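Visitor: no sequence on this one, just coordinates:
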Ligand SMILES: Nc1ncnc2c1ncn2[C@@H]1O[C@H](COP(=O)(O)OP(=O)(O)OP(=O)(O)O)[C@@H](O)[C@H]1O
């Protein structure tokens, strides 16, 4: 198991600054996800780790030692990319065993390791098929097996599920996580899919224009995002600009927002920020029932039945719109007045940061 430190990585392509000081780390056995929109520098970071690209500055250390001078083929990493490019003329077993053959392993050892890894990725029985004779999800699992069979000290996965349909993506996502945990391999995973990142990671680096906007656990980036950008990228978010905001104790603030005056937890930087925004995830809000004390009042502008719940939007008197979930059979009528109750344990104040 390897500990990986990425320190102040910089990379410029002609006039494009792709990485502007990326720092993060993976402790031994962790799965670290790089999450962010297209063009934010996720793949460039991974390619620098893999050794396919040379950074202009910064360092990558494994167990304390810089690896930048080691060529990619000598780093001993397993790499699975979106276009996983299996050899079309080789069977599944030959594809998986190819790396071991290059390492001049004995035939009997190759056979034993291929059988074992195909069992892990649940492809037993398909050993003799060609890539074109198996499905996309199975091909992706062959690519994964091909990387795992070499027992890499670090696994690098760049959008490995991007070519799969939604159902398969879900299935293979759990398999990737199970395999990574069972094998204890430290891994970096690139995705722009927030739910994928949340589901499979120990730590998530939310990237923004070549920098890491926040590096924290999935729970922390969802419940305690550093700023609006992170909050928006990690799930449904109601973000309201606070009219007033004053510190209240070590880690809390009193904020005036949407006609309410609330005491909430806050990001450290919010305490000294000029402007403060309040994050209310949908689970922080519910429609008021008769007798409830509503923090906010407004008019229902939208209600859509989703099966397990209804998606509702309430326009407050100050023009802010709140999105929340209501029980499937609650009576919610567009155009009517509604009160909204807030659970302040799910509220979070953040500094207002320029986009
Ligand atoms: N070979 C290249 N030459 C010039 N610019 C490049 C090159 N590769 C990437 N870039 C630019 O560098 C920036 C970061 O690209 P990168 O591929 O790392 O982003 P990404 O977050 O992985 O995006 P995606 O999710 O679309 O793959 C982008 O602005 C991109 O256009």
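Guide: In hand now; what should we look at? In this text the structure is predicted, and so the values were computed from the model without any measurement.
Visitor: Contact residues of the protein facing the ligand?
Guide: Applying C-beta under 6 Å from any ligand atom, one finds that the chain approaches the ligand through 13-14, 16, 18, 36, 38-44, 192. Yep, even glycine has a C-beta here, placed from its N, CA and C like the rest.
Visitor: From the residues you listed, list just the buried residues.
Guide: In the residues of the chain next to the ligand, burial by neighbour count holds for 18, 36, 40, 41, 42, 43, 44, 192, counting by 16 or more other C-beta atoms under 10 Å.
Visitor: Dump the residues of the chain next to the ligand to JSON lines, plus secondary structure and pLDDT.
Guide: As requested, those are arranged in JSON lines below (DSSP: H, G, I helix; E, B strand; the rest coil; pLDDT from 0 to 100):
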{"residue": "13", "secondary structure": "strand", "pLDDT": "95"}
{"residue": "14", "secondary structure": "coil", "pLDDT": "92"}
{"residue": "16", "secondary structure": "strand", "pLDDT": "94"}
{"residue": "18", "secondary structure": "strand", "pLDDT": "97"}
{"residue": "36", "secondary structure": "coil", "pLDDT": "95"}
{"residue": "38", "secondary structure": "coil", "pLDDT": "93"}
{"residue": "39", "secondary structure": "coil", "pLDDT": "93"}
{"residue": "40", "secondary structure": "coil", "pLDDT": "95"}
{"residue": "41", "secondary structure": "coil", "pLDDT": "96"}
{"residue": "42", "secondary structure": "helix", "pLDDT": "96"}
{"residue": "43", "secondary structure": "helix", "pLDDT": "94"}
{"residue": "44", "secondary structure": "helix", "pLDDT": "96"}
{"residue": "192", "secondary structure": "coil", "pLDDT": "92"}
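Visitor: Residue 334 sits in which helix or strand?
Guide: Following DSSP states H and E, one finds residue 334 outside all helices and strands.
Visitor: nearest spatial neighbour of it, skipping sequence neighbours?
Guide: Of all residues not flanking residue 334 in the chain, residue 300 sits nearest, at 5.0 Å (C-beta to C-beta, 6 or more residues apart in numbering).
Visitor: Secondary structure element holding the one you found?
Guide: Assignment of secondary structure by DSSP H and E places residue 300 within strand 296-305.
Visitor: Report the angle between whatever helix or strand comes next after that strand and strand 296-305.
Guide: Once strand 296-305 ends, the next helix or strand along the chain (criterion: DSSP H and E) is strand 310-316. Strand 310-316 and strand 296-305 are oriented at 150 degrees to each other (axes from the mean of the first three to the mean of the last three C-alpha atoms, to 10 degrees).
Visitor: Burial check on the residue nearest to residue 334, number of neighbours?
Guide: Applying other C-beta atoms under 10 Å, we find 18 residues neighbouring residue 300.
Visitor: For it, name its beta-bridge partners.
Guide: Under DSSP bridges, the beta-bridge partners of residue 300 are residue 314.
Visitor: Pull the contacting residues for it.
Guide: Under the criterion of C-beta atoms under 8 Å, 6 or more residues apart in numbering, the contact partners of residue 300 comprise 312, 313, 314, 332, 333, 334, 335, 336, 337, 338.
Visitor: run the last query once more with 10 Å
Guide: Residue 300 is in contact with 287, 312-315, 326, 332-338, counting by C-beta atoms under 10 Å, 6 or more residues apart in numbering.
Visitor: From the ligand, how far off is it?
Guide: Residue 300 is 37 Å from the ligand, where distance means C-beta to the nearest ligand atom, to the nearest Å.
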